[in-house]
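In: Starting from these lines, generate the structure:
(one chain, ligands or ions: 3)
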Amino acid sequence: MWKLGRSAWNLRQVRSFSAAVSGPCIVHKRGTDILHDPWYNKDTGFPLTERDRLGLRGLLPPRVISFEQQYERFMNSYRSLEHNTRGESNSIVSLAKWRILNRLHDRNETLYYRVLIDNIKDFAPIIYTPTVGLVCQNYGGLYRRPRGMYFSAKDKGEMMSMIYNWPSHHVDMIVVTDGSRILGLGDLGVQGIGIPIGKLDIYVAAAGINPQRVLPVMLDVGTNNQKLLQDNLYLGLRQPRLEGDEYLSIVDEFMEAAHSRWPKAVIQFEDFQMKWAFETLQRYRKRFCMFNDDIQGTAGVALAGLLGAVRAQGRPLNDFVKQKIVVVGAGSAGIGVLKTAKQMVTKMLGSDESAEVQCQFWLLDKDGLVTKARNSLDPAVAPFARGLGPGEVEGLHEGASLLEVVKKVKPHVLLGLSGVGGIFNAEVLKAMRESDCPRPAIFPMSNPTTNAECTPEDVFKYVGENAIFASGSPFNDVPLGEGKIGYVNQANNMYLFPGIGLGALLSGARHISDGMLQAAAECLASYMTDDQIQKGILFPSISSIRLITTRVGAAVVRAAIAEDLAEGHGDVDLKQLTNMSELDTMDYVARNMWYPIYSPLVHEK
Ligand SMILES: NC(=O)c1ccc[n+]([C@@H]2O[C@H](COP(=O)([O-])OP(=O)(O)OC[C@H]3O[C@@H](n4cnc5c(N)ncnc54)[C@H](O)[C@@H]3O)[C@@H](O)[C@H]2O)c1
Ligand SMILES: O=C(O)C[C@H](O)C(=O)O
Ligand SMILES: [Mg+2]
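Out: Ligands and ions are numbered 1, 2, ... in the order given. Okay, the predicted model is just below:
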């Protein structure tokens, strides 16, 4: 099961491999056109010979500044900003940091991605969760330049030609949203474009996808957010969301258009409300190379965390089948997690029926405990509705509150994907002290930070110092006194989606199968050493995200080959892929990662 474990690979190797692939770059423009193109622009870093060749002489101050000096200058400005905003509110500081990074992104992509890669632990919370949520909420005011593509309900019938307006001939990775469920912030309409942009920045930083080959997409089918509909300056369509077949026809048209121009691109669905998340996944997953990150990426990360919790309890991995898990939130993410957890139980027990009998899962939504007694159960939720009566925990009833469920079930794991900040309150957490397990795991996975079900401080205070903690948004470790530390893990799908997308791309997979997703999750689950797990550290540091993604990507490539889904990528055909050893596959993945350095520019008409 744990095939792609730790190897001799390290981050330096990954970097040097990826750096080696950059050669000269042909440009079809000159002069100010180059300075205004963030992809080619080197600012004051253009060497004099290049200034001559490209008609830049006189358009820049005379002194040539090296890449390292430019880097240092940016980091100095960033540090001064941190210094100057000390004492301001969190949101003011985070937005100021986002602005300075975004300005660099707009001006000089090479420098932007280098500072992002080198400082990913510090910058991920700015360009991604949680600040990206704030950016989406304030999108109208922050808007300066367009990024990505917008397909609206008004573009029906035009998308096949519109797709050719995108300037890049090659696109490898597309992240698309309809803005209907942005993090735990609800329907933000067109303002949700910030999410695909942030996810694709993570693709570049973690998976080394070439930023010229990414495409963030917003499908604007209207919004049901009344505040936005009444806002004169709202930038999207001011109409209620399309529903039913009208809605699906827009998504269908976009999928066909994207596929016809870039048949090998991988398409990631992100932050769709539950009904469309499941429906579109089912509709497209065998026809296109696509996946839904909220359902499938999240599930893999949660599974890795759940298996880590079993290891941290000092029990054999197969004891996962006995874990009592309470999931709060029956949405796309919560149901995705339960489906995957059940698949794992089935795999461990060897049969569907035994899994059906043995699964120790309880699911709650906004109306409390979901049981078979509930009227009109959503078909996606129904398989996880709990029975009542003989063989079941006594005293539970349809709609039981979270506190009741925790008190009666005494779960090993309490996992939140509800989007409701603070619902793991002091009472609930104190009740987790009575868990049947000496190291209860609390996973408040909702985003952004204010929507997290609880904080780590509360967990270590109320559940106890032995608790295991993993949240969707980043928090700091908690000092517990006498040198002890309460470790905080970030259980975010960013550990997996870059590797899933990269592995699918580099294998040339026809579609993304459950087996490929499971390989990704198992690779992440086996990443940590027993010592780390014993301390309560379930996930690696975000700083090593490229290395993690290399391994996850390789695991996905190998699973695609094993399942006969791979067709090869670029010059590498299926036969070559098939002949690769595990280590060769990791070399292959690492070699295909883009790394930001200034390439010599050569002009061609
Ligand atoms: N950590 C991660 O990687 C990750 C990944 C995906 C989603 N998420 C987060 O998970 C949250 C949910 O995402 P989703 O796509 O499943 O959303 P969703 O809207 O599909 O589902 C939300 C669910 O929470 C339930 N709920 C609402 N209020 C509740 C309450 N008071 N008590 C119990 N349940 C309640 C709803 O009934 C619904 O079942 C969001 O905050 C999202 O940001 C995190
Ligand atoms: O965007 C994230 O940080 C994770 C996840 O996809 C979410 O929707 O919350
Ligand atoms: Mg998401």
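
In: all contacts plus neighbour counts: C-alpha atoms, from now on.
Out: Noted.

In: Run through the residues of the stretch 401-550 of the chain sitting next to ligand 1.
Out: By the rule CA under 6 Å from any ligand atom, the part of the stretch 401-550 of the chain lying against ligand 1 is Leu417, Ser418, Gly419, Val420, Met445, Ser446, Asn447, Gly472, Ala491, Asn492, Asn493.

In: Pull the most distant pair out of those.
Out: For those, the maximum inter-member distance is 18.5 Å, found between Val420 and Asn493 (CA to CA).

In: picking that back up, I'd like the residues of the stretch 401-550 of the chain next to ligand 1 as JSON lines, with pLDDT and distance to Ala312 appended.
Out: Shown next, in JSON lines, are these (pLDDT from 0 to 100; distance: CA to CA, whole Å):
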{"residue": "Leu417", "pLDDT": "98", "distance to Ala312": "22"}
{"residue": "Ser418", "pLDDT": "98", "distance to Ala312": "25"}
{"residue": "Gly419", "pLDDT": "98", "distance to Ala312": "27"}
{"residue": "Val420", "pLDDT": "98", "distance to Ala312": "27"}
{"residue": "Met445", "pLDDT": "98", "distance to Ala312": "19"}
{"residue": "Ser446", "pLDDT": "98", "distance to Ala312": "23"}
{"residue": "Asn447", "pLDDT": "98", "distance to Ala312": "25"}
{"residue": "Gly472", "pLDDT": "98", "distance to Ala312": "19"}
{"residue": "Ala491", "pLDDT": "98", "distance to Ala312": "16"}
{"residue": "Asn492", "pLDDT": "98", "distance to Ala312": "19"}
{"residue": "Asn493", "pLDDT": "98", "distance to Ala312": "21"}
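
In: Now rank those residues by neighbours and give me the top one.
Out: Using other CA atoms under 10 Å as the neighbour criterion, Met445 leads those with 30 neighbours.

In: what residues are up against the closest residue to that one other than its chain neighbours?
Out: Ranked by CA to CA, 6 or more residues apart in numbering and with sequence neighbours excluded, the top spatial neighbour of Met445 is Gly472, at 4.0 Å. Gly472 makes contact with Pro444, Met445, Ser446, Asn447, Pro448, Thr449, Ala452, Gln490, Ala491, Asn492, according to CA atoms under 8 Å, 6 or more residues apart in numbering.

In: Over to Leu502?
Out: Ala207, Ile209, Gly553.

In: So which of these belong to helices?
Out: Using DSSP state H, the subset of these located in helices is Gly553.

In: Now for the contacts of Leu502, which sits with the most neighbours around it?
Out: Counting neighbours by other CA under 10 Å, Gly553 leads the contacts of Leu502 with 34 neighbours.

In: In terms of pLDDT, where does that one sit?
Out: On the pLDDT scale, Gly553 is placed at 98.

In: Surely it touches Ala521?
Out: No - Gly553 is not in contact with Ala521 according to CA atoms under 8 Å; the separation is 10.9 Å.

In: how far away is Pro196 from Leu183?
Out: Look at Pro196 and Leu183: by CA to CA, to the nearest Å, they are 12 Å apart.

In: For the longest strand seen in the chain, name the packing helices and strands.
Out: Criterion DSSP state E: the longest strand present in the chain is strand 214-220. Strand 214-220 sits against strand 149-152, strand 173-177, helix 194-202, with contacts defined as 3 or more CA pairs under 8 Å, 6 or more residues apart in numbering; DSSP states H and E.

In: and the first one, what's its mean pLDDT?
Out: Per-region confidence: strand 149-152 scores 98 on mean pLDDT.

In: Please apply the same query to stretch 387-397.
Out: For stretch 387-397, mean pLDDT is 92.

In: Contacts for that stretch next, please.
Out: Contact with stretch 387-397 is made by Leu369, Thr371, Lys372, Ala373, Glu404, Val405, Lys408, Val409, as judged by CA under 8 Å, 6+ apart.
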